[in-house]
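Student: Can you look at this prediction? I've put the sequence above it.
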Amino acid sequence: MAEVDDDTDTTDSNTDTKPATRGRDTDTHRGRLSYEELYARYKGAQEESKSHRLNSDRFAKMADETKTELAKAKAEAEKAVADAKAEYHAALKAAHSNHASALESLKGEHGTALEALKAELTGKVTEAETKAATALTAAQKRALHADLRVAATLAGMLDLDGLKLVDETKLELDDDGNLKNGEALMTALKEAKGFLFSKEPPPPPKPASSGNTETPPTPKTPTTKKATEMSNEEFAAAMAHISRYGKPPT
């Protein structure tokens, strides 16, 4: 028979060996368990206690392993959260930086486009002002030349090409920009270049008929509009008349 463990209950263990005979079974009271049954129960309880101890150790080991796994999983989860936060903050910072760069770039492009537009408009305005000034100067010169032609025609100039001899720096203008010394210029030119002008006196007025006793009306001094005072139609008609008859219309 196997020995009983020291830390187990030693009840009914006065006998170390199993009896060789079953004679005692006849001595047990009726209704009581036999020695073999008691011994079998004892061994079963001993094995069950041993199994419980083994299970307890196994469960403790499993609990320690589970605790370790939980700690590891917690650490990994905390690391994942920290990494996600760091990645989010980095992405947010990069987005903010990109937004700021894009805004500065947009401001620069807008400023450049605005400056280019401003320069273009300034150039167009300057060009328009230059053209207007040139056109005004040309118009003023045409008006002055027209006044000179009228003054030359009235002075009896034979060929209006003689106006090329006039010193234009001596032209005098009134407040309205009209020529005011055309007659004086023609007088000076006639004295210096008399061959340019006709020497025939102006035709005398027609005599009155003998049967008419009335005093003939005093002839009106012909007045000629200045070129700057003429309309476009009047100016064109006057120039055509001068070209055809060599004198302005009266």
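Tutor: Yep, that arrived. Numbering: from 1, shown residues only.
Student: How many residues are close by His145?
Tutor: 17 (other Cβ atoms under 10 Å). Bear in mind the C-beta positions are built from the backbone N, C-alpha and C, glycine included.
Student: what residues are up against it?
Tutor: Listed by Cβ atoms under 8 Å, 6 or more residues apart in numbering, the contact partners of His145 are Leu163.
Student: Help me confirm that it is found in a strand?
Tutor: No. Counting by DSSP: H, G, I helix; E, B strand; the rest coil, His145 is not part of a strand but helix.
Student: hmm, which helix or strand of the chain has the shakiest average pLDDT?
Tutor: Scoring the helices and strands of the chain by mean pLDDT, DSSP states H and E places helix 232-245 at the bottom, with a mean of 75.
Student: what helix or strand is the most centrally placed residue in the chain on?
Tutor: With distances taken as Cα atoms, centre = their mean, the chain has His110 as the residue nearest its mean C-alpha position (3.4 Å). Using DSSP states H and E, His110 maps to helix 35-154.
Student: Give me the helices and strands touching the next helix or strand after that helix, please.
Tutor: The element immediately downstream of helix 35-154 (helix or strand, assigned by DSSP H and E) is helix 182-192. On a contact count with 3 or more Cβ pairs under 8 Å, 6 or more residues apart in numbering; DSSP states H and E, helix 182-192 meets helix 35-154.
Student: hang on, the earlier thing: could I get the pLDDT score of the residue nearest to the centre of the chain?
Tutor: pLDDT for His110: 82.
Student: cool, and Ser210?
Tutor: Ser210 is assigned a predicted lDDT (pLDDT) of 50.
Student: and if you look at Ala82?
Tutor: 91.
Student: count of neighbours near it?
Tutor: 10.
Student: if I look at it, how far off is Tyr88?
Tutor: Ala82 sits 11 Å away from Tyr88, going by Cβ to Cβ, to the nearest Å.
Student: orientation of the helix holding His110 relative to helix 232-245 in degrees?
Tutor: 40 degrees (axes from the mean of the first three to the mean of the last three Cα atoms, to 10 degrees).
Student: Tell me what angle helix 35-154 forms with helix 182-192.
Tutor: 50 degrees.
Student: Report the distance from helix 35-154 to the chain centre.
Tutor: The gap between where helix 35-154 is centred and where its chain is centred comes out at 22 Å by Cα atoms, centre = their mean, to the nearest Å.
Student: go on, stretch 236-247?
Tutor: Distance of stretch 236-247 from its chain centroid, counting by Cα atoms, centre = their mean, is 61 Å.
Student: With just CA atoms, put it into PDB.
Tutor: Taking C-alpha atoms only, stretch 236-247 is exported to PDB below (Å, rounded to 0.1, in the frame of the first residue of the first chain):
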ATOM      1  CA  ALA A 236     -13.800 123.900 -95.800                       C
ATOM      2  CA  ALA A 237     -15.700 126.400 -98.000                       C
ATOM      3  CA  ALA A 238     -13.200 129.200 -97.300                       C
ATOM      4  CA  MET A 239     -10.300 127.000 -98.100                       C
ATOM      5  CA  ALA A 240     -11.900 125.900-101.400                       C
ATOM      6  CA  HIS A 241     -12.600 129.600-102.300                       C
ATOM      7  CA  ILE A 242      -9.000 130.600-101.500                       C
ATOM      8  CA  SER A 243      -7.600 127.700-103.600                       C
ATOM      9  CA  ARG A 244      -9.900 128.700-106.500                       C
ATOM     10  CA  TYR A 245      -9.800 132.500-106.400                       C
ATOM     11  CA  GLY A 246      -6.600 133.200-104.400                       C
ATOM     12  CA  LYS A 247      -8.500 135.200-101.800                       C
END
